[in-house]
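In: generate coordinates for the sequence data below:
(chains A and B)
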Amino acid sequence: MKEINFAEIEKKWQQYWRDNQVYKADEKSGKPKYYALTMFPYPSGKGLHVGHPLSYVAADIVARFKKHQGFEVLHPMGFDAFGLPAEQYAIQTGKHPADTTAENIATYKKQLEILGLSYDWDREVRTSDPEYYKWTQWIFLQIFNSWYNKETDRAEPIETLVNRFKVEGSKGFEVENGFTADDWAAFSEAEQEKVLQQFRLAYLAYSEVNWCEALGTVLANDEVINGVSERGGHPVTKKKMRQWFLRITDYAERLLQGLETIDWPEPLKEMQRNWIGKSTGAQVEFKVRGVEFKGEGLKFKEPPSHAGEGLGPTTIEIFTTRPDTIFGSTFMVVAPESDLVQQLITDEQRGEVNQYIEYVKSRSERDRMADVKTVTGAFTGSYAINPFTNEEIPIWTAEYVLASYGTGAVMAVPAHDSRDYAFAKKFGLPINQVVSGGDISKESYDAKEGTLINSGFLNGMEVKDAINEAIEVIEEMGIGKRKVNYRLRDAGFSRQRYWGEPFPIVFDGETPKPLNEGDLPITLPEVVSYKPTGTGESPIAAVNDWVDAGNGLRRETDTMPGYAGSSWYWLRYMDPHNKEAFVGKDKEAFWQNVDLYIGGSEHAVGHLLYARLWQKVLFDLGYVGKDEPFQKMVNQGMIQGTSQIMYRDDLKNEFISYEEYEKSNWTWNSDEVANRPASDKEQLESFEEPTRKFSSIHVPIEYVNANNELDYKKAFEEVPYLTGHKYSANDKGKIVCQPVVEKMSKSKHNVVTPDAMVEKYGADTLRMYEMFLGPITDSKPWNTAGIDGVFKFLRKFWNLFYNKQNEPEISDAAATKEELKVLHSCIQKIEGDIERLALNTCVSSFMICINDLQSLNCNKREILEPLTVLLSPFAPHIAEEAWQLLGKAPSVTSAPYPVFNPAYLVEDAHVYPIMINGKKRHEITLPAGIGQDEAIAKALAEEAVQKWTEGKSLRKQIFVPKKIINLVVG
RNA sequence: GCGGGUGUGGCGGAAUUGGUAGACGCGCUAGACUUAGGAUCUAGUGCCGCAAGGCGUGGGGGUUCGAGUCCCUUCACCCGCACCA
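Out: As a prediction, this is how the structure comes out:
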């Protein structure tokens, strides 16, 4: 058996590919294009782990396959290099994030290169490179200088809006304060900008951030745990800050509709649909009692009782998807965080409500989500008028209503909304059923079907009709209108951080002004310290020279969020060195958009939504030709790690074997005991109070063998956090650890890098093994148990080229029919499976093919040549070497793909299973073209069949050509 | 609470349109070759059963000549989330 010197082969061909620019993408080749992309990584300090190659290799296989098929392939790689970890590291060490990022990227690139991925490295992008983020800033300027024209349904330059203001003022637009053309002309620049801010696709608004006074900084959601800061455990409160937003809500409908045009996994589309959250219904005004009603003249029982700020709001606007149930609305609820609440509070309720609002502020969104069963709220003291019943209904405030959705207020219909129902039950509010169905003494009836009752003019209607009728009446009454509502909110685009793209914006007082294209890039200044300023501003704010832009102008000191750079990077790959434009027209026209995008579903509603937004804005402004960036999307599953947990007996202060912990771990509390099965309770009753305490620790997996036994002598000597600690082995002299499957991470000491695997088996084996693990979309723990099988397979392939004396020997004799059949069934299978990304079954098919050829002793050029091309996308190094052995000039990567010929697969006989009453009982070989009657007759004539049919009548016979024969007897 | 997903041998998994369940690989068993085997080759390997045969795709029910696949119901686990009016 000829061994493969894979280390030498892989190095040799990687060098060849580099030297000869084998993977260079050329727009002028005249071939059709194919763009294969994997989500670029954030280069963390941990380096690449075995999970990364899953998507990289899959995309690489498709890219190489398409190249063989004659496509001009764009398959680039880059780095999402701005981000929090580098900045946190900088705060701790003082090292410049740019330096640590560069180091991490170098490590990643080295690891990527040894995997033999067919990247065109000339096209590498790094989002933190000024040459790149110059164009991120440029695109931001385009967004800033645009507005969404609802008439043309696309973004347009802001000038087109200004021109309309000049001619007809604000006519036809919803603005805070209407104005005429003359008003506009008379406005100061600041006043004009204030109006434009209501239209720009990038605008400033005040919104709440997680503010940690003790740390003097704004925290990401990630950094807040149970209402306190992750590091230090300091209290976190809400603070309003001026921030940039992208008006993604204007694109809600197009982002929704666009999903119909792209080939993405249905669950992913569903997540985006839910996130956009389109619902149709009505927006309705409810009058607040005590306020003069302009309409039909309702009578109020009492005069206004508001104190302090004078009268409250005249109306409260609500959005409802169930206008048919207005007759059943018995109270209203407004969001505690909305401004409305303060205006509605009466003197006698002020104390209670403010106390409640304080309570809500202390609750993180996590809290509010976790216990849905806790119903809380407070009565504001005010009443509204139900517009259909003319009855007074109390206005409450409760945390289940969010200021950010709809209008921040709801009409509560407890009979037909489960949350309203729970609320009404808790606070003793009336529940009036208005749709027949369900049993509202037990629970609300939320279904959108039934007949309207207790509902005046809606009585007797079906829900669907009642909704329409109700909206018509609402519109006639002039108190509301039909409305489509989206859950989607505008995207926050500011971060009070150092390591991100600076905004190309300066402030004249409060007025933002865009910088000129010629001023770009606005580069990050050097800072003395990466530590927070204490004011909530980014560290840049402390660099006065930089902030001062001359003429009394001050630079924006926020930076852009992590997703800015990743919202357009696929476009830069098309033309990465262009100094004149973010992408050249001709290059963009050639590559268009990404044909296959592979990445994790955790980006479903973040990156993948923002990327679509940016593409659509650029499309509207005429900069790109496609309005969807990723035509086909595939989610890869997560490769988890197996951690090893070691337990410590805290009282004895020594580490112990797992079974010691297990047998002592009966420390349930009484609540748990009540829910335990009886057998467990018995066990518990016989148990004494726990006298032992344990803690646990992750041990590095490299010190633990396949039986979960720790090499404790070595571990306690070498692992820094274990040295000097006491331990006690069990009576077999072992310390056993507990294996736990969890996410691979450095802190859990369970990271497996591809490096060691490549060293032991080679990149080709690792590539194929990762594909062999299972469907690309499945998550699974990393397990090397089967890697030998793949390694053996490659060796078998290799040995087809060698004779018994381990000399290369390839025959020029014509291939037999059988050999061609083996080859062509493989071609058919591989081609189909790559197209549907079933790469695991590709590997199986290769194994079958090689096993067959091996038993046929086939070493014929006619077979081995196409086979080598077939294998090349999967195991590119060994394929190149084999190609050379075949006497062909490199590179195999540009060899045309073998053409499948079905003629070789034609069978002249087929083995039919014979089923009796649906169970397989026998087999029979019949000619391929046999007809039903003859086949059944032959089947019935078989002795083994007669055994089953004897003494019974044949009731039915099924013959499916090339499939089965089924005989029903009885 | 809402949304999405997954359940198939000892293990990873296969079965593309309702048509031979368990391909391929790991592991395991036996044998061959061998100084040796953690190399290689051959044979076997879903479960129960001596066999005939029976049972088998989380559980229960249904449609069908035929169900892993379709329908109803139920259980378990995983992932995501903004209580979304």
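In: use CA for all of it now, contacts and neighbours both
Out: Fine.
In: ends of stretch A:899-912, how far apart?
Out: 30 Å (Cα to Cα, to the nearest Å).
In: can you check stretch A:869-886 too?
Out: For stretch A:869-886, the end-to-end distance is 12 Å (Cα to Cα).
In: so which residues make contact with it?
Out: A:6, A:9-10, A:13-14, A:60-62, A:64-65, A:68, A:116, A:763-765, A:767-768, A:798, A:801, A:808, A:810, A:827, A:830, A:846, A:861, A:865, A:868, A:889-893, A:895-898 (Cα atoms under 8 Å, 6 or more residues apart in numbering).
In: show the buried residues in those.
Out: A:6, A:9-10, A:13-14, A:60-62, A:64-65, A:68, A:116, A:763-765, A:767-768, A:798, A:801, A:808, A:810, A:827, A:830, A:846, A:861, A:865, A:868, A:890-893, A:895-898 (16 or more other Cα atoms under 10 Å).
In: tell me which of those residues fall in helices.
Out: Residues of the buried ones among the contacts of stretch A:869-886 located in helices (DSSP state H): A:6, A:9-10, A:13-14, A:60-62, A:64-65, A:68, A:763-765, A:767-768, A:798, A:827, A:830, A:846, A:861, A:865, A:868.
In: and the helices in the stretch 601-750 of chain A, which stretches?
Out: A:607-620, A:658-664, A:670-674, A:678-685, A:712-718 (DSSP state H, counting those that start in this stretch).
In: list the buried residues in stretch A:865-877.
Out: A:865-877.
In: which one of the helices of the stretch 601-750 of chain A has the lowest average pLDDT?
Out: Lowest mean pLDDT of those: helix A:670-674, a mean of 39.
In: did I read that right, residue A:287 in a helix?
Out: No. Counting by DSSP: H, G, I helix; E, B strand; the rest coil, residue A:287 falls outside a helix, being strand.
In: and the closest residue to it other than its chain neighbours, backbone torsions?
Out: Distances taken as Cα to Cα, 6 or more residues apart in numbering place residue A:315 nearest to residue A:287, at 4.3 Å, with adjacent residues excluded. Reported as degrees, to the nearest 10, the phi and psi values for residue A:315 are phi -140, psi 160.
In: what's the per-residue pLDDT of the residue of the stretch 51-200 of chain A found nearest RNA strand B here?
Out: In the stretch 51-200 of chain A, no residue comes nearer to RNA strand B than residue A:54, which is 13.1 Å away by Cα to the nearest atom of the strand. At residue A:54, the model reports a pLDDT of 89.
In: do the same with the one 10 residues further on
Out: According to the prediction, residue A:64 has pLDDT 97.
In: what sits against it?
Out: Counting by Cα under 8 Å, 6+ apart, residue A:64 has contacts A:118, A:872-873, A:893.
In: so residue A:813 sits against residue A:859, correct?
Out: No. Using Cα atoms under 8 Å as the test, residue A:813 is too far from residue A:859 to be in contact (9.2 Å).
In: the two: which is more packed in?
Out: Per other Cα atoms under 10 Å, whichever of residue A:813 and residue A:859 has more neighbours is residue A:859, with 22 against 10.
In: tally up the residues packed near the closest residue to residue A:844 other than its chain neighbours, please.
Out: Excluding the flanking residues, the one nearest residue A:844 by Cα to Cα, 6+ apart is residue A:772, at 7.6 Å. By the measure other Cα under 10 Å, the count of residues near residue A:772 is 21.
In: how close does residue A:772 sit to residue A:765?
Out: Distance from residue A:772 to residue A:765, by Cα to Cα: 10 Å.
In: got it, and residue A:844?
Out: Counting by Cα to Cα, the gap from residue A:844 to residue A:765 is 14 Å.
In: who's in contact with residue A:835?
Out: Per Cα under 8 Å, 6+ apart, neighbours of residue A:835: residue A:62.
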